[in-house]
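# With the input below, show me the fold.
(4 chains)
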Protein chains: 4
Amino acid sequence: METPAFLRRLFGRDARGSATAALALCRALLSERGEASGATLAREAVRAIEALDEAQREHFFDALAGEFSPSPSAVARAAQAYQAEPGPRTLARLQRIVEPVRQELFRRLNMAPGGTAALVAMRTRLLESLGAHPQWRAVDDDLLHLFRSWFNRGFLRLERIDWRTPANVLEKLIEYEAVHAIHGWDDLRRRLQADRRCFAFFHPALPEEPLIFIEVALTRELPARIEPLLALEAPVADPELATHAVFYSITNCQDGLRGISFGYFLIKQVAEDLRRQRPKLKTFATLSPVPGFAAWLAGLRKRGELSLPALEQPDWHQAGDLDGLQKPLQALCAHYLLRAQRGDEPLDPVARFHLGNGAVLERVNWLGDSSKTGLARSLGMMVNYVYRLEDVEKNHEAYVNEHRVIASRAVEKLARECALARDAQNEARAG
Amino acid sequence: METPAFLRRLFGRDARGSATAALALCRALLSERGEASGATLAREAVRAIEALDEAQREHFFDALAGEFSPSPSAVARAAQAYQAEPGPRTLARLQRIVEPVRQELFRRLNMAPGGTAALVAMRTRLLESLGAHPQWRAVDDDLLHLFRSWFNRGFLRLERIDWRTPANVLEKLIEYEAVHAIHGWDDLRRRLQADRRCFAFFHPALPEEPLIFIEVALTRELPARIEPLLALEAPVADPELATHAVFYSITNCQDGLRGISFGYFLIKQVAEDLRRQRPKLKTFATLSPVPGFAAWLAGLRKRGELSLPALEQPDWHQAGDLDGLQKPLQALCAHYLLRAQRGDEPLDPVARFHLGNGAVLERVNWLGDSSKTGLARSLGMMVNYVYRLEDVEKNHEAYVNEHRVIASRAVEKLARECALARDAQNEARAG
Amino acid sequence: METPAFLRRLFGRDARGSATAALALCRALLSERGEASGATLAREAVRAIEALDEAQREHFFDALAGEFSPSPSAVARAAQAYQAEPGPRTLARLQRIVEPVRQELFRRLNMAPGGTAALVAMRTRLLESLGAHPQWRAVDDDLLHLFRSWFNRGFLRLERIDWRTPANVLEKLIEYEAVHAIHGWDDLRRRLQADRRCFAFFHPALPEEPLIFIEVALTRELPARIEPLLALEAPVADPELATHAVFYSITNCQDGLRGISFGYFLIKQVAEDLRRQRPKLKTFATLSPVPGFAAWLAGLRKRGELSLPALEQPDWHQAGDLDGLQKPLQALCAHYLLRAQRGDEPLDPVARFHLGNGAVLERVNWLGDSSKTGLARSLGMMVNYVYRLEDVEKNHEAYVNEHRVIASRAVEKLARECALARDAQNEARAG
Amino acid sequence: METPAFLRRLFGRDARGSATAALALCRALLSERGEASGATLAREAVRAIEALDEAQREHFFDALAGEFSPSPSAVARAAQAYQAEPGPRTLARLQRIVEPVRQELFRRLNMAPGGTAALVAMRTRLLESLGAHPQWRAVDDDLLHLFRSWFNRGFLRLERIDWRTPANVLEKLIEYEAVHAIHGWDDLRRRLQADRRCFAFFHPALPEEPLIFIEVALTRELPARIEPLLALEAPVADPELATHAVFYSITNCQDGLRGISFGYFLIKQVAEDLRRQRPKLKTFATLSPVPGFAAWLAGLRKRGELSLPALEQPDWHQAGDLDGLQKPLQALCAHYLLRAQRGDEPLDPVARFHLGNGAVLERVNWLGDSSKTGLARSLGMMVNYVYRLEDVEKNHEAYVNEHRVIASRAVEKLARECALARDAQNEARAG
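Predicted coordinates for the structure are as follows:
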């Protein structure tokens, strides 16, 4: 169907590039006739929104946050009516009144071909500027509410990614990978060979866009260092002999879906599937960075609570004698992971994720990642979290209800040996 | 993962068959730990719900309508807070408070394998008994709200159904067909041959369940009678020569999705696709029953407003001389379709659907369907509605805004010739 | 590309329906220019051949057997040249000369869309009349030679057939089934439910045409009777509990591929696949008819070598007292299967197939099939052949090299107890 | 099924790496029991052959050429019998006797998983050493004969290659491209964007191996130079506006299929498909190298028949004034393409291919390819051959039957202006 006549009347040949036009189309889409003209109007509206430049988009978001919100007087009336006579009828009316028409607008925009992708992109833009425009929060709330419903676990498909996957999906892995950057196609191919696995969640409405993906190495022991796993020239091991599945990278791909957590579901399903397919796999574990460690330690040192002059050397990790540094630093790392907190939870975001998922903090690896990023953020430390599938829920409950973090004896011991811990104990005893 | 220990503790080996168990599982699913145990708990809960017998299900729905509704006191407090200080913060809180936790429960149940199907089935059961249990209305509102969002046009896939379609889908057409019953596989095959088309909408979460399907005959003229289209032995015409696409049956398949309209989208997309694929197709029209005609006429006769003794014969349509009956009955049918109303809309549900979609009432066909059902409901009448794709939106607007129904001159003339119409006109003049 | 001008010149608008035209097209296809005009000419030729009526086809086959055969004088010359100077060059020339151009013709016809199907259909027709036209034998030899190459096991795909299979494939099973007729779609569905399996071989050039298919029942014991397996109302058993895979029907679908054996490969691969997928399956066996038994016995009786008056009753198998009949008849059946021979092989074709495959004759079942066909051909007997996968090759070798047939002790014993066997032994002793 | 016992007896745990073992397995495969043990033996034999090193392979090929050839005495006897009594029976016997058992061996090897690929690889190896081992010619003849039958046009699938194609296929394009090397993934992606097309033939038994592929640019004019088409940074044109489809690269991928021509079929089908899909495309043409031009000219110069001192400069094409060179060199190129011959056909292999296909030599482009290879082989010349689909067969016939090459007037004129042509004409007149 052609662009309807009324649109041409309103905006000339091309309705794009103007917030006024975009808003008019949105209003038309919400009108009675919007229901019938459905996909046509939705397509025009989506195009108009996509063509907005930054200034126009600000205007558009302002209107979304204003005009498409519930009317305060209507809300007040409905609230009053409910209070006067609480019951199903007045409640239903109140519910209807407080729901912003924005939500219906978003649902109708979704009728356009590519509508879901356009809405996710819209939220990406919104989030980029939300800090400067707190009044848009309500718009974001509505998008997030909708996406939580649409991107429900029940609608996601787990897919294996390998060298048979279409190139247009593979190039997105290269683009999105956030933990250990993929340096081109040769690097990617190595990560997809017989001793590696890669899985992603997809949504039917975004069939070529991974939502999240995880990279797994099949090994014969729990690795302590990331470099050998990533080395292009690493010999390909026989996956039949593998006993360990090591999750060494997990990346959320869509900024527009921030706040919807896919990671736990992905790890759990991948672990269960691998266990079923390869009964020889006994250990499911990660090799993870400790991204907040360096900053936390720098804070301590800045505040004079700790002195580690060896770290002041630019290339400290290549110094001749690291023996004196390794033990204290490992202990500090264990202490950081187990004791440093934000509210009731671990300060380290990766720890928060895996421990919250019910994994166990198994081992702290010295110089597990001596890449520039690895040194800058984690002081080279890498950590293994182990997922024991039969304990995951129990651990998760302990974490949620009692803020209890499960670690191996070795890590517990390390944490106790940390200078800070001893100080605290001494103080406690002294006190 | 096995059934979690806590479930076994609570319910013994089998949590099924008890509303108490089903509700406990729902509560667990809504708890903090529900998020982590995700699919496991959801699966158990879905199984428990599916195993309920009728009495248990009543109990379960009662609890859904009660316990899982917003707390009146909390709503009252939030309403008061909003009135005291209207603003984004108090509004957001009010929105959160009035949303029943049921909605989140349904979203979490959807994580189970087959969760979407289970929820649609749940609403089917709910609707069956809603008349007797008006207190469940709020539960239905929430399911409908969710389904409107999930079964958004943007998530549906149009698929052609033909003789290459898997048998497990085809047998559902036989089961569901609601307009002209399909009498077994031979009948179905005839409806899928080269001069017929069939299309259905599917949702990714119900990949083997058509939501709605439409049957189309490719013909060289506008047909007036249904029997020749349905005849098993009808010769297969060359589709290359067809100029008319005749929609002769459209069926909504899922009772649990009642209230979500797929029909307009389906007709529109099928018409557009066919026009693109086969430029020789010029006319897109229906051959439709008039299902309310007989009842309406019976009402008139009962109230003595009309006398048609010929219809009192059991096999009146096979009587020797129908000449005297045909014209008045066609005129009555035209009058019924154009003038008999419910509110501002046509009384006849099929007319309401097609005219509301923007189609034109083109022709009233005498003895278009002399099957038992056709006689009982439509007195044998069949009607052609024509979809002129370029006028559809304009007609729809006229229908919605001005309650104007578009009919061909011939039908308009017929309606004017109806005895009832003349009476009315005479009265009007007399008046 | 249009029908080339030279064809229109030669045959008018339509080259079909004339053997002369078909042959001219075949000659053109074999000419130099045939290589370039490729698919166009091939398509025309295929159409022309398919449009021949019976008389024209006879003419066409005669020409194929004559004109498209090697020239006797050329063969004689090449043979002489070889004898004069045997060597690679003269051999290569002889090979080239003796190969009929027919083979190249068939290869070029195969370039047409649907060419493979057309050639298979051509051989079907040829075989139907071969008896009356022995001069066509050479044409058949060439088609068979080609098909053996094209339908090589390496090019076949094994596919599972179930209720998700497209209807146009399923209806072919109904049409082709040759052992236990499928009585419509309900019967078919029962044979595809959870406790049944069906597999077929397909060739990429005939994607919707099964070449051969096998039906399997998953059971908990070795069945002796076919009726319970075929009963529509038989309860569906849990396949998880099955220990036996029972091949109860195997059908070659394409008459045009007669002489190419798919059966052994199919049974072997199905058995291996099932064993891998379901380790609980321990026994792979058939429930098979004994289709030559009745005729063989009738021969004996006719020649007065045997007298079995009980069998003369029309409904002998429903007679009150069958005790006296069962044992002798089972013994005769065992004797027939193990001793009655044609050349060095069992007289019974089904026995020849399974024993030649390396199966073991396990059991002779009294009244295993009391259907009309079962009584008429097998006198109601059904037999279990067991495939012990680890012995299959050894048994096959014994069969091929020593004409040794492997049977269970029970069947061996039965065969020894047969009156005919005792007579023979007595004679032997007496002699 | 496990490696059969008899193999283990013969060769120990591992039958690989020995020509003796490979040959024994081949003999077993050809024996009666080979038929039954089918895939197992074939798999073992294929593995054994693949594991041969070069010396062992020589031994293996020698045996194939010897032992697996027809027995000379048997051939002689059958030839004699035919001569004594020519007829269908003796002919059939002669045909059977002269067919090497190798052919049956190859057909049985094809039963192995990956058998077809292994046989193609075997021929690749064979061809590499055929020059040094002319006695293997007969083996090659048999493989070629078989492959012509198996890789018949009727069995090939045309597939579009684009950025959605699996990476394992795409990387093969990078590896195989023989005309204009693909420099990595970015280069490949540019060749697959909206204004480019790529198509390949595949065979069902080699689903991830292109047999041949063609690269097409959709343009608005006939291009004279290759560099702008290959430039990574070339802006992507709107394919809707294209009027020309330019075939700028065509590559045969499988050395083991040498001698089987796919190119003509590919060009023809791609042209027909594109014409149907995009009616705006009016011109189907190539931009092709003239790979034999430089060598031919060097020959002339060496023999003193021509003197072109300007070409002696190393970077002659970048010299300031090329005006004096362009015209004579273009004329020489036209002359070379139209007059220089090998037998009755053009000397230039690319000209032979396209002119033999029925294309027209349209234009000779000066400095159409100034890459190193382009200068070295074609002296920078590129040529456009135009495929006029309605004339292709007529041109092909003229080419085959009258050795007539069709060129545009401009090219004909160029060729007449060539110094060599004028000399020849002068001589002719003088003579």
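# pLDDT below threshold where in chain A?
A:1-17, A:32-37, A:424-425, A:427-431 (pLDDT under 70).
# okay, which residue is most central for it?
Among the residues of chain A, the one closest to the centroid is residue A:252, at 4.3 Å (Cα atoms, centre = their mean).
# Name the residues linked to the closest residue to that one other than its chain neighbours by a beta bridge.
Distance criterion Cβ to Cβ, 6 or more residues apart in numbering or on different chains; nearest residue to residue A:252, sequence neighbours excluded, is residue A:212 at 5.1 Å. (C-beta placed from N, C-alpha, C; glycine too.) Bridge pairing for residue A:212 (DSSP bridges) gives the partners residue A:201, residue A:252.
# Contact partners for residue A:212?
A:200, A:201, A:250, A:251, A:252, A:253, A:262, A:263, A:266 (Cβ atoms under 8 Å, 6 or more residues apart in numbering or on different chains).
# among those, who's most crowded?
residue A:200 (26 neighbours; other Cβ atoms under 10 Å in any protein chain shown).
# Show me what residue of the stretch 251-400 of chain A gets nearest to chain D.
residue A:253 (18.1 Å; Cβ to the nearest Cβ).
# Distance check, that residue against residue A:270.
16 Å (Cβ to Cβ, to the nearest Å).
# Please apply the same query to residue A:47.
Residue A:47 is 38 Å from residue A:270, by Cβ to Cβ.
# Looking at these two, which is more packed in?
For the pair residue A:47 and residue A:270, the greater number of neighbours falls to residue A:270 (23 against 20), based on other Cβ under 10 Å.
# Can you classify that one as helix, strand or coil?
helix (DSSP: H, G, I helix; E, B strand; the rest coil).
# which secondary structure element contains the residue nearest to it when sequence neighbours are not counted?
The shortest distance from residue A:270 to any non-neighbouring residue, by Cβ to Cβ, 6+ apart, is to residue A:199 (5.1 Å). Secondary structure from DSSP states H and E places residue A:199 in strand A:196-202.
# Can you tell me the closest non-neighbouring residue to residue A:316?
Nearest residue to residue A:316, sequence neighbours excluded (Cβ to Cβ, 6+ apart): residue A:310, at 5.7 Å.
# Excluding residues flanking it in the chain, which one is nearest residue A:410?
Closest to residue A:410 by Cβ to Cβ, 6+ apart is residue A:363, at 6.7 Å.
# Tell me the residues of chain A that contact chain D?
A:163, A:164, A:165, A:166, A:167, A:168, A:170, A:184, A:185, A:189, A:208 (Cβ under 8 Å from any Cβ of the partner chain).
# could you redo the last one with a cut-off of 10 Å?
By Cβ under 10 Å from any Cβ of the partner chain, the part of chain A that sits against chain D consists of A:162-171, A:174, A:184-186, A:188-189, A:192, A:208.
# Report the buried residues of the strand holding residue A:199.
A:196, A:197, A:198, A:199, A:200, A:201, A:202 (16 or more other Cβ atoms under 10 Å in any protein chain shown).
# The third one touches residue A:215, doesn't it?
Yes - contact between residue A:198 and residue A:215 holds when scored by Cβ atoms under 10 Å: they sit 5.2 Å apart.
# What are the boundaries of the helices in the stretch 101-250 of chain A?
For the stretch 101-250 of chain A, helices defined by DSSP state H, counting those that start in this stretch occupy the ranges A:101-109, A:115-130, A:137-150, A:167-176, A:184-190, A:227-230.
# so what sits against both of residue A:198 and residue A:215?
Shared contacts of residue A:198 and residue A:215, defined by Cβ atoms under 10 Å, 6 or more residues apart in numbering or on different chains, comprise A:161, A:173, A:191, A:192, A:249.
# quick one: the fourth one and residue A:174 touch, right?
No - with contact defined as Cβ under 10 Å, residue A:192 and residue A:174 do not form a contacting pair (11.6 Å).
# and residue A:175, how many neighbours?
Counted by other Cβ under 10 Å, the residues lying close to residue A:175 total 9.
# With residue A:238 instead?
10.
# That one contacts residue A:219, doesn't it?
No - in this structure residue A:238 lies outside contact range of residue A:219 using Cβ under 10 Å: 11.1 Å.
# Common neighbours of the two, please.
Counting by Cβ under 10 Å, 6+ apart, the residues touching both residue A:238 and residue A:219 are residue A:195.
# okay but residue A:413 is in contact with residue A:334, surely?
Yes - with contact defined as Cβ under 10 Å, residue A:413 counts as touching residue A:334 (8.3 Å).
# Of those two, give the one with the bigger neighbour count.
residue A:334 (27 against 12).
# The more buried one and residue A:422: what is the separation?
13 Å.
# any shared contact partners between the two?
By Cβ under 10 Å, 6+ apart, the residues touching both residue A:334 and residue A:422 are residue A:416.
# For the closest residue to chain C within chain A, give me phi and psi.
Ranked by Cβ to the nearest Cβ, the top residue of chain A for proximity to chain C is residue A:279, at 12.4 Å. Here is the backbone geometry of residue A:279 (degrees, to the nearest 10): phi -60, psi -20.
# That one: neighbour count?
Neighbour tally, residue A:279, other Cβ under 10 Å: 8.
# Which residues are in contact with it?
So residue A:279 contacts nothing (Cβ under 10 Å, 6+ apart).
# Same question for residue A:106.
Residue A:106 touches A:26, A:64, A:68, A:100, A:115, A:119, A:122-123, A:139, A:142-143, A:145-147, A:150, B:149, B:152, counting by Cβ under 10 Å, 6+ apart.
# and if you look at residue A:168?
A:208, A:209, D:162, D:163, D:164, D:165, D:167, D:189, D:192.
# so how far is residue C:232 from the fifth one?
In this structure, residue D:164 and residue C:232 are 46 Å apart, going by Cβ to Cβ.
# ditto for the second one
Counting by Cβ to Cβ, the separation of residue A:209 from residue C:232 is 48 Å.
# Nearest to chain B: which residue in the stretch 251-400 of chain A?
residue A:396 (4.2 Å).
# Which element, helix or strand, includes that residue?
helix A:392-402.
# So which bits of that helix are buried?
Buried, per 16+ other Cβ under 10 Å, within helix A:392-402: A:392, A:393, A:394, A:395, A:396, A:397, A:398, A:399, A:400.
# The second one is in contact with residue A:358, isn't it?
Yes - applying Cβ under 10 Å, one finds residue A:393 in contact with residue A:358, separated by 6.2 Å.
# what's the neighbour count on the closest residue to residue A:379 other than its chain neighbours?
Distances taken as Cβ to Cβ, 6+ apart place residue A:294 nearest to residue A:379, at 5.0 Å, with adjacent residues excluded. Using other Cβ under 10 Å, residue A:294 has 18 other residues around it.
# nearest residue to residue A:168 other than its sequence neighbours?
Nearest non-adjacent residue to residue A:168 (Cβ to Cβ, 6+ apart): residue D:163, at 4.8 Å.
# Test my guess that that neighbour contacts residue D:169.
No - using Cβ under 10 Å, residue D:163 is not in contact with residue D:169; the gap is 11.6 Å.
# Who has more neighbours out of those two?
residue D:169 (21 against 17).
# coming back round to it: counting neighbours, go ahead and name the busier of residue A:192 and residue A:174.
residue A:192 (20 against 15).
# where does that one fall, phi/psi-wise?
phi -120, psi 10.
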